[in-house]
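>>> I'd like to go over a predicted model; first the sequence, then the structure.
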Amino acid sequence: MKLIATIIATSLLLSGLASAQQQQKTYSINVSKDSTIQRSAQACNECPSNTCSLCKLGADQRVQVHQDGFGAKFGLFGFTLPSEVIQAPDRLDKCLLELKQPNTPMTAQVILPIHMSGDTFWDEYSVDGNNAPSVGAPIGQAVIPNSGAPALIDLTAACKAAAAKGAGISLYLLPRDNTILTFPSKEGGRPAVLHATIH
């Protein structure tokens, strides 16, 4: 009898787990806007008034993450969260950022900091180094492999916090010393993706 009871209990447990898994749903959301934010002490001939921070790069086919002795380029990304997550942030089980392999040749993995942006209401075609959102709190780091595989970064806590404010999520990918990486933008055909799993 004890064996039968154990079998029944195990079957019910497995059935419950299977049911919970079946009820999960994953949204794969392409980045809605992205841009390189450029700040440099050098002159940039291609920018208005030769000022690097005035370059508007949201329509470019790449997002650059670059730092040297003269300045830096940050990657700025904005995502729209599913309405179900906005309405009930606690339903979000996992939120993964997928960054495609950079266009830049790599000989070793690179680790880059990820920070929230100070604002989600920016326009990719008018944003530049002067009017870009401020760099907010750190929320993780991106380990960019040199294997050709995409990078996957768990941003569940940050996505929940953004959803609780009733907004999408915007974030910065920041460079480290002497970083020179170029990622494909949404215009470049291989955009960053946010995978949001809810129950």
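All right, it came through fine. All values derive from a computational prediction rather than experimental measurement. Numbering: from 1, shown residues only.
>>> And the pLDDT at the residue nearest to Ile153 when sequence neighbours are not counted?
Setting aside the residues directly before and after it, Ile153 is nearest to Leu97 in space (Cβ to Cβ, 6 or more residues apart in numbering), at 4.5 Å. The C-beta positions use only the backbone N, C-alpha and C, and glycine is treated the same way. For Leu97, the model assigns a pLDDT of 98.
>>> In contact with Leu97, which residues?
By Cβ atoms under 8 Å, 6 or more residues apart in numbering, the contact list for Leu97 reads Ile114, Ala142, Ala151, Leu152, Ile153, Leu155, Leu171, Ala192, Val193, Leu194.
>>> Same question for Gly148.
Contacts of Gly148 (Cβ under 8 Å, 6+ apart): Gln101.
>>> likewise Ile29?
Contacts of Ile29 by Cβ under 8 Å, 6+ apart are Phe79, Thr80, Leu81, Pro82, Val193, Leu194, His195, Ala196.
>>> on that earlier part again, select from the contacts of Leu97 the one having the most neighbours.
Leu171 (27 neighbours; other Cβ atoms under 10 Å).
>>> And that one, how far from Ser32?
Per Cβ to Cβ, to the nearest Å, Leu171 is found 12 Å from Ser32.
>>> Likewise for Gln87?
Taken as Cβ to Cβ, the span from Gln87 to Ser32 is 19 Å.
>>> Of those two, give the one with the bigger neighbour count.
Counted by other Cβ under 10 Å, Gln87 and Ser32 do not tie: Ser32 has more neighbours, with 15 against 10.
>>> Now do the helices in this structure.
Remark: helices assigned in the chain by DSSP state H are 2-23, 83-87, 156-164.
>>> sorry, back to before: mind checking which of the contacts of Ile29 land in strands?
Phe79, Val193, Leu194, His195, Ala196 (DSSP state E).
>>> Tabulate those residues (a markdown table), appending pLDDT and distance to Lys56.
Compiled in a markdown table, the ones in strands among the contacts of Ile29 are given as follows (pLDDT from 0 to 100; distance: Cβ to Cβ, whole Å):
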| residue | pLDDT | distance to Lys56 |
| --- | --- | --- |
| Phe79 | 97 | 20 |
| Val193 | 97 | 24 |
| Leu194 | 97 | 24 |
| His195 | 98 | 29 |
| Ala196 | 97 | 29 |
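>>> Put together CSV for those residues, with distance to Pro184 on each row.
Listed next are the ones in strands among the contacts of Ile29 as CSV, based on distance: Cβ to Cβ, whole Å:
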residue, distance to Pro184
Phe79, 16
Val193, 11
Leu194, 16
His195, 18
Ala196, 21
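>>> Leu92 contacts Ala161, doesn't it?
No: counting by Cβ atoms under 8 Å, Leu92 does not reach Ala161; the two are 10.4 Å apart.
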